[in-house]
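A.B. asks: here is a sequence together with a model predicted from it:
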Amino acid sequence: MPVLFPLLAVLIWAANTVVSKAAATVFDPAAISFYRWLVAALVLSPFCLRPLWRQRHALLPHLPRFAVLAVLGMVLYQCLAYYAAHSTSATNMGVICALIPLLGLLLNGLVFGQRVGPAAMLGVALSLAGVLYLLGRGDPASLLAAGVNRGDALILVGSTAYALYGILLKRWAPPFGPWLNLYVQVLLAVAMLAPLALTADSLAIPPQGVGLVLFAGIASSVLAAYFWMRGIERLGSERTAIFMNLLPLFTALIASALLGETIHAHHWLGGGLILLGVSLTQGGFGSVLKRWRLQAG
């Protein structure tokens with residue numbers, strides 16, 4: 001079934017959010033950020049190194065754009081998630097990451113002048129209300145006094161970076177195929193994260209951290225990417241993107257089962273408002289209402 005491809009990808013990414021939280025007690029964030037992409041580079045090299053060498057001259061003019069993509073999608077987004085995990089829950093991280101499609105819409109409108117329709121504006125308002133309710137843990141007014149939790153702020157910045165990554169990847173559309181495009185970004189991310197890794201308190205990989213690194217480097221970085229690309233191939237990009245709405249639900253369930261995190265009322269209400277808003281911006285509810293109006297007429 002084609003729907004299994006994006007479903008498995010989102011399930012892996014949700015599990016990786018929990019892995020990021022679990023890694024906070026095992027690794028320095030700078031160390032696991034580096035090891036994740038190093039493992040991904042080692043896994044991809046047997047398949048991508050020769051094509052990379054063959055197309056090296058064609059790739060060179062595209063390196064600045066690849067570098068920007070690597071900074072946004074792999075260095076900022078993933079690295080900030082590891083730092084955020086030290087001061088927020090995996091459940092919060094999953095809910096905030098659900099904002100990525102909405103943030104992409106806002107950036108497209110603000111930076112690239114793309115028109116935002118009424119349904120999308122309503123979606124923005126609902127999602128913003130959900131974010132404030134979630135970050136305020138059920139009391140948005142408390143944000144004025146206490147401010148936003150550091151971890152929540154970091155994952156919000158990382159999600160914004162990833163939203164911009166998605167926009168630029170689509171606009172620039174590097175012409176080397178998805179695997180080679182991914183491989184070049186991974187190599188650049190490894191090079192960029194190497195100096196940061198040297199600032200880590202320790203680069204040692206403890207026994208309990210081996211599985212975390214392998215899951216992040218292989219399952220989340222390679223397998224999930226493969227499943228997601230197959231989903232786009234079989235279902236199309238718009239239908240595939242809707243599956244990202246399941247990320248906070250999967251994350252909350254896995255975090256509850258494996259980390260013992262409690263799912264509070266503010267998670268359900270805040271997360272529900274965010275997902276409703278995202279659905280409106282993606283046209284899901286808008287299409288339903290349009291069909292209902294046509295039938296009623």
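C.D. replies: Nice, thanks for sending it over. Residues are numbered from 1 along each chain as shown.
A.B. asks: centre of the chain to the helix or strand hosting residue 168, how far?
C.D. replies: Per DSSP states H and E, residue 168 falls inside helix 150-172. In this view, helix 150-172 has its centroid 8 Å away from the chain centroid, taken as CA atoms, centre = their mean, to the nearest Å.
A.B. asks: again, but for stretch 206-218
C.D. replies: Put simply, stretch 206-218 sits 19 Å off its chain's centre (CA atoms, centre = their mean).
A.B. asks: contacts for it, please.
C.D. replies: 15-16, 19-20, 22-23, 26-27, 32, 35-40, 42-43, 205 (CB atoms under 8 Å, 6 or more residues apart in numbering). C-beta here means a position set from N, CA and C on the backbone, and glycine is covered the same way.
A.B. asks: one more time with 6 Å
C.D. replies: Here stretch 206-218 makes contact (CB atoms under 6 Å, 6 or more residues apart in numbering) with 16, 19, 23, 26-27, 35-36, 39-40, 43.
A.B. asks: repeat that for stretch 85-100.
C.D. replies: By CB under 6 Å, 6+ apart, stretch 85-100 touches 17-18, 20-21, 24, 134, 149-152, 155-156, 159, 162-163, 247-248, 251-252, 255, 261, 267, 271, 274.
A.B. asks: pLDDT of it, averaged?
C.D. replies: Average pLDDT, stretch 85-100: 84.
A.B. asks: may I see the buried residues of that stretch?
C.D. replies: 85-86, 88-100 (16 or more other CB atoms under 10 Å).
A.B. asks: again with stretch 168-184
C.D. replies: 168-169, 174, 176, 179-184.
A.B. asks: now swap in stretch 240-251 and tell me
C.D. replies: Buried residues in stretch 240-251 (16+ other CB under 10 Å): 240-251.
A.B. asks: quick one: end-to-end distance for it.
C.D. replies: Distance between the two ends of stretch 240-251: 18 Å, counting by CA to CA, to the nearest Å.
A.B. asks: mean confidence for it?
C.D. replies: 76.
A.B. asks: likewise stretch 11-26?
C.D. replies: pLDDT averaged over stretch 11-26 gives 91.
A.B. asks: now tell me what touches it from outside.
C.D. replies: 32, 81-82, 85-86, 90, 93-94, 208-209, 212, 215-216, 219-220, 224, 247, 250-251, 254-255, 258.
A.B. asks: buried set for the longest helix anywhere in the chain?
C.D. replies: Secondary structure of the chain per DSSP state H: the longest helix is helix 29-54. For helix 29-54, a neighbour-count test (16+ other CB under 10 Å) marks 29-41, 43-44, 48, 52 as buried.
A.B. asks: how far does the helix or strand just after it sit from its chain's centre?
C.D. replies: Moving toward the C-terminus from helix 29-54, the next helix or strand (DSSP H and E) is helix 56-59. Taking CA atoms, centre = their mean, one finds the center of helix 56-59 at 29 Å from the center of the full chain.
A.B. asks: buried set for helix 56-59?
C.D. replies: The neighbour-count check on helix 56-59 (16+ other CB under 10 Å) flags residue 59 as buried.
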